[in-house]
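**Student:** fold the following.
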Amino acid sequence: MTAAAAPVLVTGTGTDVGKTIATAALAALARSTGLDVGICKPVQTGLAPGEPGDADEAARLSRVQRVLEVRRLPDPLAPETAARVAGVPQTTLDDLLGPIRRWLDVADAGSSEASASAEEPATPTGRLDLIEGAGGVLVRLGTDLTVLDLARSLAAPVVVVARAGLGTLSETELAVRAIESAGLRCAGIVIGSWPYEPDLAERLNLEDLPRLTGVPVLGRVPAGAGRLEPAEFAHLAPGWFSDRFLAALPEENQYS
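**Tutor:** This is a model prediction of the structure:
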């Protein structure tokens, strides 16, 4: 069993900014360096039982074997609203922490062997667990429960997935400020869908985002990357990032 570091929580500036594909890309990047990677989705909405969820899609693209989805709600709504509409109890912090901590603590030697290939070391050099939130940083997972509350309880650094174009400066700065106001560390920003031919605003945003938020842009996921075959996705994903993300990973277990 490899020593587990604190997980990394992946959130966004809003809905449909590319969190799932960015999570997959970060997972593929980490796996390319020999890390054993897991992907967790605490609350999935908008899917029926048995349908592949966001964590399954991220794992498919990145070839990750360790996957956890804690709770699923049927309507495509914010989790708090989805629970209310479905007439089921609201998700609590304890509902999520128990399963996630057990998942983080589990001996994963079997999954490490299963995920090894001719291109990767049979024995992982470390471990990274990615937790994908829902919507933006203040989306309610339950009554009085946001993804930032979950990140704080897990001592998890946060990565913000942002849009590339006009309007992203304000919403990204607001997200980073919310993270830091909660006493959490924002490890950086990932552009969730970078166009093949970026316009002037998109190009300038790459300079302005670090200046205004105080955190680096870690990478840019190309638009349409989620349509790639897993082998090609895993091969290309490391080239979408700088080396700052892996350098910022926590080195010791902080969530216990």
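**Student:** I'd like the average pLDDT over stretch 169-187.
**Tutor:** In this model, stretch 169-187 has a mean pLDDT of 97.
**Student:** buried residues, that stretch. List them.
**Tutor:** Residues of stretch 169-187 classed as buried by neighbour count (16 or more other CB atoms under 10 Å): 169, 171-173, 175-176, 178-179, 182, 184, 186-187. Placement of C-beta: from N, CA and C, glycine included.
**Student:** tell me the one of the residues you listed nearest Ser32?
**Tutor:** The closest of these to Ser32 turns out to be Ala187 (CB to CB; 18.3 Å).
**Student:** check contacts around that closest one.
**Tutor:** Each residue near Ala187 by CB atoms under 8 Å, 6 or more residues apart in numbering is listed here: 8, 157-159, 215, 218, 245, 248.
**Student:** report the two of those separated the most.
**Tutor:** The most widely separated members of these are Val8 and Val215, with 13.6 Å between them, by CB to CB.
**Student:** of the contacts of Ala187, closest to Asp105?
**Tutor:** Closest to Asp105 out of these is Val8 (16.8 Å), distances taken as CB to CB.
**Student:** what number of residues lie near the closest one?
**Tutor:** Counted with other CB atoms under 10 Å, the burial measure for Val8 works out to 24 neighbours.
**Student:** any idea how far it lies from Pro74?
**Tutor:** When CB to CB, to the nearest Å is applied, the distance between Val8 and Pro74 equals 28 Å.
**Student:** before we move on, what about Glu197?
**Tutor:** The gap separating Glu197 from Pro74 is 39 Å, by CB to CB.
**Student:** who has more neighbours, these two?
**Tutor:** A direct count of neighbours by other CB under 10 Å for Glu197 and Pro74 places Pro74 higher, at 15 against 5.
**Student:** quick one, phi psi at that one?
**Tutor:** Main-chain dihedrals, Pro74, degrees, to the nearest 10: phi -70, psi -30.
**Student:** contacting residues for Trp240?
**Tutor:** With contacts defined as CB under 8 Å, 6+ apart, Trp240 is in contact with 25, 29, 219-222, 225.
**Student:** now, which of those residues lie within helices?
**Tutor:** Here DSSP state H is the test, and the contacts of Trp240 give 25, 29 as lying in helices.
**Student:** out of the contacts of Trp240, grab the one that's most surrounded.
**Tutor:** Ranked by neighbour count under the definition other CB under 10 Å, those are headed by Ala25 with 30 neighbours.
**Student:** okay, that residue: pLDDT?
**Tutor:** 98.
**Student:** excluding chain neighbours, what is closest to it?
**Tutor:** Take Ala25 and drop its neighbours on the chain: the residue closest to it by CB to CB, 6 or more residues apart in numbering is Ala237, 4.4 Å away.
**Student:** which SS state does that neighbour fall under?
**Tutor:** Using DSSP: H, G, I helix; E, B strand; the rest coil, the structure places Ala237 in helix.
**Student:** so Arg211 is in which element?
**Tutor:** Following DSSP states H and E, the helix or strand that holds Arg211 is helix 200-213.
**Student:** tell me the buried residues in that helix?
**Tutor:** Residues of helix 200-213 classed as buried: 202, 205, 209, 213 (neighbour count, 16+ other CB under 10 Å).
**Student:** is it correct that the second one is in contact with Glu171?
**Tutor:** No - in this structure, Asn205 is not within contact of Glu171 by CB atoms under 8 Å, at 11.4 Å.
**Student:** if you rank every helix and strand of the chain by mean pLDDT, what lands last?
**Tutor:** Ranked by mean pLDDT, DSSP states H and E, the helix or strand of the chain with the weakest confidence is helix 109-115, at a mean of 42.
**Student:** and the next helix or strand past it?
**Tutor:** Criterion used, DSSP H and E; the element after helix 109-115 is strand 126-136.
**Student:** run through the helices of the stretch 151-256 of the chain in chain order.
**Tutor:** Using DSSP state H, counting those that start in this stretch, the helices found in the stretch 151-256 of the chain span residues 168-181, 200-213, 230-236, 244-247.
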